[in-house]
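predicted coordinates and the sequence they were generated for:
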Amino acid sequence: MLKHPRVPTPRSVLAGAGVVTLAIAPLLALQSAQAHTARAPGPPSAVVAAERAVVINSSLGAAGAGSYYDPDQHKLVVNVTTEEAAGKVRAAGAEARIVKHSLASLDAARATLKEHASIPGTSWAMDPKLNKVVVTADRTVRGEDLERLTSVAGSLGDRAVVQLSRDTLEPLIAGGDALWSSAARCSLGFNVTKDGQPYFLTAGHCARAVPSWSATEGGPPIAVSESGSFPGDDFGLARYTAAEPHPSEVDLYSGGAQHIVRAADPIVGQKVRRSGSTTHVHDGEVTALNVTANYHEGTVEGLIQTSICAESGDSGGPLFEGDTALGLTSGGRGACASGGVSMYQPVTEALAKTGSQVG
């Protein structure tokens, strides 16, 4: 149990074991996936589907075009550009969908946007269901900037579509409650261990702004920020000042908690939950991966995007499904009263780059 004064968000955390890794030789992994399908013909969970998608996509080469999970039918859908690739997908136990644009072509479109339209207030993500790059501009993008964005997107033909948002894209940091400092308020993400010592992960824009953290407003420090990456990535690592272990769980703000045992990467379509000190627990689904967010403070790439709302002070809080850690709240658009979207730093990347472990 925690020894320091306890606030709701520090329960939203994890401590301990290993990260799920997918660095498997593609051929052997594909054979393993096929064998698993033969042994277990039932529909895969989202976590299993995400693992299978990595294996299958690695076997498709230039014909691959992304994948997503259908939670209603409990099936993995893999986009391809050829019938030959579709056969490989079906043989691996997933549903094949033939589309126009390859993943390489959509990645090239993203690269063009990065080079010519990295405008603060914009974001973009490859939507595998639409087989397009969806570009979003918030209300701060106007005049010449908006003209440039629409011109660059227009040059990409039907590989890209632009949508306008009345909400502002921003990191969700605030002065206030949960994890306290004199400069900012954020939410604790996951308790982790590093070299046998207790730490926690939060957002990088939080760690960059705050040298030490308290569990109550004006209270004694319980942790010091050790490292952080923002912009580029958005994760930070803080070391607890006391050596006691900390619970591997997420606060559900209902008197209960969700125990966490592992970390994984999500898949588009996966049902997920978020916990944060401002807006507590909300549900939604993953809508995009490898998202680029051009915050006014700098660009962050490789984010997870969801249909869940989040607000100032929720930054750093955990994204999870069941007992699996998925991400750290980075930023978003909109508010929970009117709906919104939120973006997350993948926790697997944060763990790998900080040398820490969950579970």
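It's in.

can you confirm Thr348 is in a helix?
Yes. According to DSSP: H, G, I helix; E, B strand; the rest coil, Thr348 belongs to a helix.

now the helices for this protein?
Ranges of helices in the chain, per DSSP state H, are 26-39, 46-58, 83-91, 103-116, 143-154, 204-209, 347-354.

domain-wise, how is this protein divided?
9-18+170-354, 26-98 (automatic domain parsing).

I'd like the average pLDDT over the last one.
Domain 26-98 shows an average pLDDT of 84 in the prediction.

for the longest one, same thing?
Model confidence over domain 9-18+170-354, given as mean pLDDT, is 89.

can you give me the neighbour number for Ser102?
22 (other Cβ atoms under 10 Å). Backbone N, C-alpha and C define where each C-beta goes, glycine included.

and the gap between it and Val281?
Distance, Ser102 to Val281, by Cβ to Cβ, to the nearest Å: 38 Å.

rewinding a little: got JSON lines for the helices of the chain, with mean neighbour count too?
JSON lines is the format used below for the helices of the chain (neighbours: other Cβ atoms under 10 Å):
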{"stretch": "helix 26-39", "mean neighbour count": "14"}
{"stretch": "helix 46-58", "mean neighbour count": "23"}
{"stretch": "helix 83-91", "mean neighbour count": "16"}
{"stretch": "helix 103-116", "mean neighbour count": "17"}
{"stretch": "helix 143-154", "mean neighbour count": "15"}
{"stretch": "helix 204-209", "mean neighbour count": "26"}
{"stretch": "helix 347-354", "mean neighbour count": "21"}
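
pull up the pairing partners for the strand of greatest length in the chain, direction included.
Determined from DSSP state E, the single longest strand within the chain is strand 280-295. As defined by DSSP bridges, the strand partners of strand 280-295 come to strand 122-127 (antiparallel), strand 271-276 (antiparallel), strand 298-306 (antiparallel).

how big is the angle separating it from helix 46-58?
Inter-element angle recorded for strand 280-295 and helix 46-58: 30 degrees (by axes from the mean of the first three to the mean of the last three Cα atoms, to 10 degrees).

sorry, back to before: out of the domains of the chain, nearest to Asp158?
Asp158 lies closest, by Cβ to Cβ, to one member of those: domain 26-98, at 13.9 Å.

what's in contact with stretch 79-97?
The contact list for stretch 79-97 (Cβ atoms under 8 Å, 6 or more residues apart in numbering) reads 30, 33-34, 37, 52-53, 55-56, 59-67, 70, 75-78, 98-103, 128, 131.
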